[in-house]
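Enquirer: Okay, here's the prediction I keep looking at, along with the sequence it came from:
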Amino acid sequence: MEEITFVLIFVLQSLIVKSNAFLQYEVRVKENDEITLRCVEKRTGSRAIQWLKGSLILTTNNKVHKHNSHLLVDKPSPEEWNLLVSRITKSFTDVYTCRVKQGEILSNVTLIVETGPRIDVSVSTPEQTYFTEHSHAILKCKVSGEPPPKITWKRGTSETEIGITGESLRIPHIERYATDVYICYVNNTHGDVKRRMMVNVTFGPEVTVMNSTLHSSAGEEVFLVCRIQAYPLLDAYWTNNTNEIVKDSWKYTLHKEKEDNIPVTYLIMTIKPSISSINDTGIYTCFGVGENNLKNATVKLSIS
Ligand SMILES: *[C@@H]1O[C@H](CO)[C@@H](O)[C@H](O)[C@H]1NC(C)=O
Ligand SMILES: *[C@@H]1O[C@H](CO)[C@@H](O)[C@H](O)[C@H]1NC(C)=O
Ligand SMILES: *[C@@H]1O[C@H](CO)[C@@H](O)[C@H](O)[C@H]1NC(C)=O
Ligand SMILES: *[C@@H]1O[C@H](CO)[C@@H](O)[C@H](O)[C@H]1NC(C)=O
Ligand SMILES: *[C@@H]1O[C@H](CO)[C@@H](O)[C@H](O)[C@H]1NC(C)=O
Ligand SMILES: *[C@@H]1O[C@H](CO)[C@@H](O)[C@H](O)[C@H]1NC(C)=O
Ligand SMILES: *[C@@H]1O[C@H](CO)[C@@H](O)[C@H](O)[C@H]1NC(C)=O
C-alpha cells in the first residue's frame, strides 16, 4: 500500500513537472525591429493553437485576429507555431502565451520593447523659469525609455556636470549667482536627449556708489560711478543737483556697462572737462528701478 502511494505520488509529481515544462523566457527587442516568439506543440494533431497577449487572443492556428499588420504565425515545421512580431512599437511590451485552445500552456514569453530616452516636456520644467531669490528652487526632468535612462544635470554654455543625477535638481535658498542655463542630459544604451532650462533669479534693486563724497576743482572732469544689481532691472538713472534726470548732453555723458552672467549694471555719469563749476556742487542720486520697488544711493559733490 505504501509502495503504491509512493509510486502514485512520483507519477503525479512527474506529471506536474511535465505540464510545467513549457517554454518560458524573456526577450528584449528594439522599437521598429521584429522578433519571433517560439511555440512548439509536440503532440501535433487536430488541436487548435492560440497566441495571447495578456488575456487578449491574438491568433488561432494560422488566423490572426488582432494587430494584423504586425503579426504572422510562422510554421517552419508542422510542430512549430511561432509568432512573428514585426514593426514593434512600445505597446507590444507584454506577456505572450501560446496555448492549446482552452488547454495547456506551451510557452510564456515576456517581451520587453527597448526605446531610446524621451523627455516628457509637459511635466518637465519649462525652458524659461523664474525663482525669487532665497526661495527653494526645483528643476524637473520627467523621462521615459527602456532600459530606464540615466539623468545627469549640467550647467552653463560649457555644459559642465554638476554632480547631480535623477529627475529633480534642487537648489535650496537659490541665490542670484545661480542664474544660468541648466541642462538635463538623458541617456540609455539607445541614445541621448537633452533639455535646456534657463533659470533667472529675481531680486529687488541694490544700489551703491563708488564714492559717496567727491571733491573736485572747477573745470575738471567729474566721474560719478553707480553700481546697480537687480533682476529684472526696469530702469537706472542719475539725477543731478537740481533733481533733474541726467541725459547725454553738451554737459553730461552717460555710460552703461553690464556684466555677463551676473545681473550687475554700472551707470557712469560724467561732467565733461572744462564744464564743471561751483554751481555743480550738490547731491547727485543714482536710482535703480525693480519690479516692485526703487532704490537709490547719493553722492555729495563739492567743487571749489
Ligand atoms: C508567464 O510569465 C510571467 C512573467 O514572468 C508571469 O508573471 C506569469 O505568471 C507566467 N505565466 C505562467 C502561466 O507561468
Ligand atoms: C550616460 O551618460 C553618462 C554621463 O555622461 C555616462 O557616464 C554614461 O556612460 C552614459 N550611459 C550610456 C548608457 O551611454
Ligand atoms: C573714490 O574712492 C576711492 C576708494 O573708495 C578712492 O581711492 C578714490 O580716490 C576716490 N575718488 C575720488 C575722486 O575721491
Ligand atoms: C540738471 O540736468 C538737467 C537735464 O540734463 C539740465 O537741464 C539741468 O541744467 C541740470 N542742472 C544743472 C545745475 O546743471
Ligand atoms: C536670464 O538671465 C540670462 C543670464 O543673465 C540672460 O542672458 C537672459 O536674457 C535672462 N532672461 C530673461 C528672459 O531676461
Ligand atoms: C553760477 O550760477 C550763478 C547764478 O545763476 C551765475 O551767476 C554764475 O555765473 C554761475 N557760475 C558759473 C561758473 O557758471
Ligand atoms: C533715497 O532712498 C532713501 C531711503 O534709502 C529715501 O529716504 C529717499 O527719499 C530716497 N531719495 C529719493 C530722492 O527718492
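Expert: Good, I have the coordinates. Ligands and ions are numbered 1, 2, ... in the order given.
Enquirer: State the helix or strand in which the nearest residue to Cys226 once chain neighbours are set aside lies.
Expert: With CB to CB, 6 or more residues apart in numbering as the criterion, Cys226 has its nearest non-adjacent residue at 3.5 Å, and that residue is Cys286. Glycine gets a C-beta too; all of them are placed from N, C-alpha and C. Cys286 belongs to strand 282-289 when assigned by DSSP states H and E.
Enquirer: is ligand 3 contacted by that strand?
Expert: No: in terms of CB under 6 Å from any ligand atom, no part of strand 282-289 sits within range of ligand 3; the closest distance is 13.1 Å.
Enquirer: how distant is the strand or helix carrying Ile228 from the center of its chain?
Expert: Taking DSSP H and E as the criterion, Ile228 maps to strand 222-231. Offset of strand 222-231 from its chain centre (CA atoms, centre = their mean, to the nearest Å): 37 Å.
Enquirer: Mind listing the strands it pairs with, and their directions?
Expert: Applying DSSP bridges, strand 222-231 is found paired with strand 191-209 (antiparallel), strand 264-271 (antiparallel).
Enquirer: how far off strand 282-289 does the shortest one point, in degrees?
Expert: Calculated by axes from the mean of the first three to the mean of the last three CA atoms, to 10 degrees, strand 264-271 forms an angle of 150 degrees with strand 282-289.
Enquirer: Now strand 264-271: average pLDDT?
Expert: For strand 264-271, mean pLDDT is 95.
Enquirer: The closest residue to ligand 1 within the chain pairs with what?
Expert: Residue nearest to ligand 1 within the chain (CB to the nearest ligand atom): Asn108, separated by 3.7 Å. Here Asn108 sits in beta bridges with Gln24, Thr97, going by DSSP bridges.
Enquirer: burial measure for it, as a count.
Expert: A count of nearby residues for Asn108, using other CB atoms under 10 Å, gives 18.
Enquirer: Is there proximity between the helix or strand just after the strand holding Cys286 and ligand 3?
Expert: Where DSSP H and E defines the elements, the next helix or strand beyond strand 282-289 is strand 294-303. No: Strand 294-303 stays clear of ligand 3 (CB under 6 Å from any ligand atom), getting no nearer than 9.8 Å.
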